[in-house]
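[1] predicted model, plus sequence, below.
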Amino acid sequence: MHYFEETEVRQLLRLPDLIAAMREVMMEFSAGKWHQPLRGILAQHGGFFGVMPASGESMGIKVVTYYPGNARTALPTHMAVVALFDPRTGEPLALMDGRYITEMRTAAVSAVATDALAPRDAKVLTLLGAGVQARSHLEVLPHVREFEEVRVWNRTWERAERFAQEHGIKAIPLEPAVRDADVVVTATSSHEPVLKGEWLKKGAHVNAVGAARPDWRELDDAVMANVVVVDSYQGARSESGDVILSGITPYAELGEILNGTKSVPATKTTVFKSLGMAVQDVATAQMVYEAANYQGSK
């Protein structure tokens with residue numbers, strides 16, 4: 001059984017293919033073609049240890065850790081491995097570093113949601129947060145919209161300025177960064193709302209990828225009063241503080257929008273609340289595995 005280092009995963013993942021695969025797996029999930037229990041979480045030792053299994057056409061599990069204290073060290077705050085199995089025999093097929101998989105599948109699913117829900121003529125993208133997910137979203141979202149302006153804000157202003165300089169974009173204070181933006185990404189480690197609904201342009205789209213615990217929030221009640229689409233009903237109702245604490249009922253799963261069983265008028269302001277799903281990790285790992293086999297057969 002081969003172990004795929006992060007460098008190999010990076011070489012084998014192609015973003016257009018990943019976006020297409022995430023669109024397909026979200027449709028399959030909402031159509032009942034995957035089995036995925038809630039992630040199991042152990043909150044000890046100053047961090048979180050999570051297990052995320054899923055089975056469909058592929059089968060596997062991601063084991064992920066989140067240790068916020070690592071931000072003060074050279075270690076990443078998020079680390080993971082993904083194990084892939086043959087669903088017909090149970091044979092272990094591959095083990096691979098899951099950090100890059102997590103980064104890019106999250107942004108790829110946001111790209112799918114943006115393509116389905118954001119204005120077709122979206123020109124202004126705002127990133128709230130200047131970490132790994134801000135970087136991955138900055139790389140992936142232009143595959144589905146042609147942005148003319150990108151803005152970034154971060155609670156630690158020096159990080160926003162450094163991120164802006166590295167990527168040739170604008171660092172802007174929070175409220176001005178959001179006002180008149182067509183697409184907003186919240187990718188923060190905040191436990192309290194940072195995005196206010198009163199700042200949002202009518203018809204804007206929000207991808208909310210932080211606040212993955214039941215008592216954490218990035219979005220205030222006014223944001224959550226818009227059309228809220230989630231990756232998984234079960235996950236959102238059990239794990240999303242933005243959903244639980246606001247008391248709203250999600251309108252749809254993303255897969256339902258993609259399958260055409262539910263629709264959203266183009267003029268509506270939309271929120272995609274993304275918690276991340278095992279089906280996304282397993283489908284991405286399957287892509288990596290198949291790409292490696294294809295290269296090996298040439």
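    That came through fine.
[2] now do residue 1, the pLDDT please.
    At residue 1, the predicted lDDT confidence score is 88.
[3] shouldn't it be in contact with residue 94?
    Yes - the pair residue 1 / residue 94 is scored as a contact, 6.2 Å apart, by C-beta atoms under 8 Å. (Glycine included, C-beta is placed from N, CA and C.)
[4] center of this protein, which residue is that?
    Geometric centre of the chain, nearest residue: residue 106, 2.7 Å, by C-alpha atoms, centre = their mean.
[5] quick one: it and residue 216, what's the gap?
    The gap separating residue 106 from residue 216 is 16 Å, by C-beta to C-beta, to the nearest Å.
[6] over to residue 13?
    29 Å.
[7] with residue 72 instead?
    Residue 72 is 20 Å from residue 216, by C-beta to C-beta.
[8] more neighbours: which of the two?
    A side-by-side neighbour count of residue 72 and residue 216, using other C-beta atoms under 10 Å, places residue 216 first with 20 against 8.
[9] surely the residue nearest to the centre of the chain is within a helix?
    Yes - membership of residue 106 in a helix is supported by DSSP: H, G, I helix; E, B strand; the rest coil.
[10] wait, what's in contact with it?
    133, 136, 209, 274, 276, 280 (C-beta atoms under 8 Å, 6 or more residues apart in numbering).
[11] what do you get for residue 151?
    Residue 151 sits next to 124-127, 169-172, 177, 181 when contact means C-beta under 8 Å, 6+ apart.
[12] same thing but 6 Å
    By C-beta atoms under 6 Å, 6 or more residues apart in numbering, residue 151 lies in contact with 126, 170, 172, 177.
[13] I'd say the first one and residue 181 touch.
    What it means is residue 126. Yes - if you go by C-beta atoms under 6 Å, residue 126 and residue 181 touch, sitting 4.0 Å apart.
[14] what does the one helix or strand residue 284 maps to contact?
    For residue 284, the host element (DSSP states H and E) is helix 278-297. Helix 278-297 is contacted by residues 9, 12, 21, 25, 29, 34, 36, 52-54, 58, 60, 62, 82, 84, 94, 96, 101, 105 when judged by C-beta under 6 Å, 6+ apart.
[15] how far away is residue 215 from residue 141?
    29 Å.
[16] so between these two, which is more surrounded?
    Set residue 215 next to residue 141 and count neighbours by other C-beta under 10 Å: residue 141 wins out with 25 against 9.
[17] for residue 53, which residues make a bridge with it?
    When assigned by DSSP bridges, residue 53 has beta-bridge partners residue 61.
[18] how about the nearest residue to residue 28, chain neighbours excluded?
    residue 34 (5.9 Å; C-beta to C-beta, 6 or more residues apart in numbering).
[19] so who does the one you found touch?
    Contacts of residue 34 (C-beta under 6 Å, 6+ apart): 28, 54, 56, 279.
[20] residue 75 now?
    Residue 75 makes no contacts at all, as judged by C-beta under 6 Å, 6+ apart.
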